[in-house]
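>>> turn this into a structure:
(one chain, ligands or ions: 2)
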Amino acid sequence: MKAVMFEAFNARPKLVTLPDPRPEPHGVVLKVEATGVCRSDWHGWVGHDSDIVLPHVPGHELAGVIVAIGKDVTKWRVADRVTVPFVGGCGSCPECHAGHQQVCRDQFQPGFTHWGSFAEYVSIHKADLNLVALPESVDFATAASLGCRFVTSFRAVVDQGKVSAGQWVAVHGCGGVGLAAIMIANALGAHVVAVDIAEDKLALARTLGAAVTINARSVTNVVEAVREVTAGGAHVSLDALGHPETCFNSVLNLRRRGKHVQVGLMLGDHSTPAVPMSRIVAHELEILGSHGMQAHRYDAMMPMILSGKLKPELLVGKEISLEESIDALISMDRFQGTGTTVITRF
Ligand SMILES: [Zn+2]
Ligand SMILES: [Zn+2]
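Residues are numbered from 1 along each chain as shown. Ligands and ions are numbered 1, 2, ... in the order given. The predicted structure is shown next:
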């Protein structure tokens with residue numbers, strides 16, 4: 001098969017020919033029809049992810065068609081259209097037994113713990129647990145864009161934030177994660193305040209359902225601005241960027257007993273940011289994380305997509321070829337377009 005591979009961190013990946021993968025007894029092999037290019041792939045390529053063993057094939061936001069099945073798989077057939085969340089469970093740890101595969105102790109992450117989907121074919125483990133059926137009406141590029149940023153936002157808003165109609169939700173950062181969160185919170189009937197420093201992203205946030213937008217560069221105090229428009233603070237607030245400043249603001253702009261959900265990753269120097277613990281105690285705030293979403297929770301999200309309440313296709317940006325993904329991957333830290341770049345030609 002054709003695949004994009006890197007043999008050293010920071011060295012330019014190459015388009016190579018590799019043996020086609022064979023399914024594990026509990027797994028399947030998919031023909032990849034679409035796979036997103038994500039900043040996490042860039043972090044992996046520069047060496048920020050200790051799970052990666054070289055040489056490596058990146059790619060974790062994927063959708064495709066089953067072409068081979070292991071002997072122990074019972075729920076799937078060849079030619080089924082499927083996708084996966086970026087974290088797959090092992091099926092045997094206490095977290096998996098409790099249905100929380102997104103925090104499994106022995107995670108299967110294509111493109112990190114195993115070779116990923118910047119390739120014609122990819123091997124997926126524990127298929128009965130980790131695959132999600134893809135309805136005919138959801139195209140592959142849209143499906144690929146769900147597995148990472150979109151499902152993490154869905155879990156943050158629905159399962160962790162427990163957002164309900166009429167609540168105020170603040171979203172700090174209007175990249176892929178933030179825009180998805182705005183769309184989802186709006187679909188639930190919440191009033192969304194979107195915060196960013198880029199006017200084009202704030203304009204997109206408004207078209208996706210933000211009731212109010214705040215440019216953090218043009219107000220003197222972001223926290224005060226959010227508290228003012230929400231008449232005392234947000235019920236739920238998300239740091240969708242992953243930065244000490246947005247995290248801090250997101251906690252402080254909550255009303256009493258509000259919930260902060262950390263969605264943006266905190267890596268390297270940012271991994272232990274300051275949080276206003278005295279306020280958390282005095283106002284009984286809740287601090288939560290969101291790390292992907294279990295395959296079985298797609299059952300709650302997919303009907304909202306099929307009914308048109310959620311339109312993840314609006315977040316799909318450029319479609320490129322496997323060969324073009326090399327430049328897209330290594331420039332991921334410099335060019336952050338609005339919308340997910342997806343490989344759809346192999
Ligand atoms: Zn991703
Ligand atoms: Zn597990």
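>>> quick check: residues of the stretch 101-250 of the chain near ligand 2?
For the stretch 101-250 of the chain, the residues in contact with ligand 2 under the definition CB under 5 Å from the ion are residue 104. Glycine gets a C-beta too; all of them are placed from N, C-alpha and C.
>>> ranges for the helices of the stretch 101-250 of the chain?
Applying DSSP state H, counting those that start in this stretch to the stretch 101-250 of the chain gives helices spanning 127-130, 140-144, 151-154, 176-187, 199-207, 222-229, 244-252.
>>> and these as TSV, adding distance to residue 332 and mean pLDDT?
TSV is the format used below for those (distance: least, CB to CB, whole Å; pLDDT from 0 to 100):
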stretch	distance to residue 332	mean pLDDT
helix 127-130	25	98
helix 140-144	16	97
helix 151-154	17	96
helix 176-187	12	96
helix 199-207	17	96
helix 222-229	27	98
helix 244-252	20	97
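>>> show me what residue 170 is bridged to.
For residue 170, the beta-bridge partners under DSSP bridges are residue 193, residue 237.
>>> so it touches residue 250, yeah?
Yes: the pair formed by residue 170 and residue 250 meets the contact definition of CB atoms under 8 Å, at 6.6 Å.
>>> and for the two, which residues touch both?
With CB atoms under 8 Å, 6 or more residues apart in numbering applied, the overlap between the contact sets of residue 170 and residue 250 consists of 237-238.
>>> most centrally placed residue in this protein?
With distances taken as CA atoms, centre = their mean, residue 149 lies nearest the centre of the chain, 1.8 Å away.
>>> spit out the contact partners of that one.
When contacts are counted by CB under 8 Å, 6+ apart, residue 149 touches 38, 176-177, 180, 315, 340.
>>> which of those sits closest to ligand 1?
Relative to ligand 1, the closest of those is residue 38; by CB to the ion it sits at 2.9 Å.
>>> burial count for that closest one?
The burial count assigned to residue 38 is 24, neighbours taken as other CB atoms under 10 Å.
>>> likewise the one 4 residues further on?
As a burial measure, residue 42 scores 18 neighbours (other CB under 10 Å).
>>> relative to residue 224, how far out is it?
When distance is defined by CB to CB, to the nearest Å, residue 42 is 35 Å away from residue 224.
>>> where does this protein have low pLDDT?
Low-confidence segments of the chain, defined by pLDDT under 70: 335-337.
>>> residues from it in reach of ligand 1?
Taking CB under 5 Å from the ion, the part of the chain that reaches ligand 1 is made up of 38, 40, 61, 148.
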